[in-house]
Every structure is written in structure tokens, then in C-alpha cells.
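Enquirer: The amino acid sequence is not available; the structure is as follows:
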């Protein structure tokens, strides 16, 4: 607790990026991220507001399976960029 919010603790970390599933639901987090100049990536549906969103990924953000797939793909891309996963390797799961 307090890792991202309590600046007095020694474990305090400044967030470098905010990833949001639904901009309408997480509007308070978007507002606070805009005050701190934190970039925001949002999974947006057709009715999602785009205020304070830097990168909008068009997606179905209503179904739990669709959200899970999107976060799995994002995590896989981060592993590619870090070099822990090779793009030549096959997928372990059927997508």
C-alpha cells in the first residue's frame, strides 16, 4: 500500500504509464494522470470518451474474454520488446 500514492514512503514509485480498460469507468484515474503528465493507453469502444487519452486501442472492452485476450497480447508484446520472448517461437495456446 502507498507504493504509487504515498510520497513519504521509501517504496514510492512514480508511474510512467497508465493502461485503462474503460475510459468512462476510470475517468478519475485519467484526470489525475493528466495532472501528473503520465501517458495514458486506453482500450476504447465506440462510445468511449477520449479526453485525456493519449493512445486509444479500438477494442471490445465490455466482455471479460475480450479484455483478457487484449491484456495477454499486450503482455506478450512487452516480452518481445524486452527480449525475453522470441517472435520465431510458436504460440503455446490457441488464440
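Expert: Good, I have the coordinates. Model, not experiment: these values are computed from the prediction. Numbering: from 1, shown residues only.
Enquirer: tell me the contacts of the spatially most central residue of the chain?
Expert: Centroid check for the chain by Cα atoms, centre = their mean gives residue 19 as the closest residue, at 2.1 Å. Counting by Cβ atoms under 8 Å, 6 or more residues apart in numbering, residue 19 touches 40, 41, 42, 74. No exception for glycine: its C-beta is placed from N, CA and C like everyone else's.
Enquirer: Give me the local confidence score for the second one.
Expert: At residue 41, the predicted lDDT confidence score is 96.
Enquirer: Follow the chain on from the helix or strand encompassing the residue nearest to the centre of the chain and name the next helix or strand.
Expert: In this assignment (DSSP states H and E), residue 19 forms part of strand 18-20. Past strand 18-20, further along toward the C-terminus, the next helix or strand under DSSP H and E is helix 27-35.
Enquirer: so what does that next one touch, helix or strand wise?
Expert: strand 18-20, strand 40-44 (3 or more Cβ pairs under 8 Å, 6 or more residues apart in numbering; DSSP states H and E).
Enquirer: list the contacts for residue 65?
Expert: Residue 65 touches nothing, counting by Cβ under 8 Å, 6+ apart.
Enquirer: ok and the longest helix seen in the chain relative to strand 40-44, angle-wise?
Expert: Assignment by DSSP state H gives helix 64-82 as the longest helix of the chain. Comparing the axes of helix 64-82 and strand 40-44 via axes from the mean of the first three to the mean of the last three Cα atoms, to 10 degrees yields an angle of 140 degrees.
Enquirer: any idea how far helix 64-82 is from the chain center?
Expert: Computed by Cα atoms, centre = their mean, to the nearest Å, the chain-centroid distance of helix 64-82 equals 10 Å.
Enquirer: Quick one: mean pLDDT for that helix?
Expert: 93.
Enquirer: in it, what counts as buried?
Expert: For helix 64-82, the neighbour count (16 or more other Cβ atoms under 10 Å) marks 67, 70 as buried.
Enquirer: Could you do stretch 44-56 as well?
Expert: For stretch 44-56, a neighbour-count test (16+ other Cβ under 10 Å) marks 44, 45, 48, 52, 53, 56 as buried.
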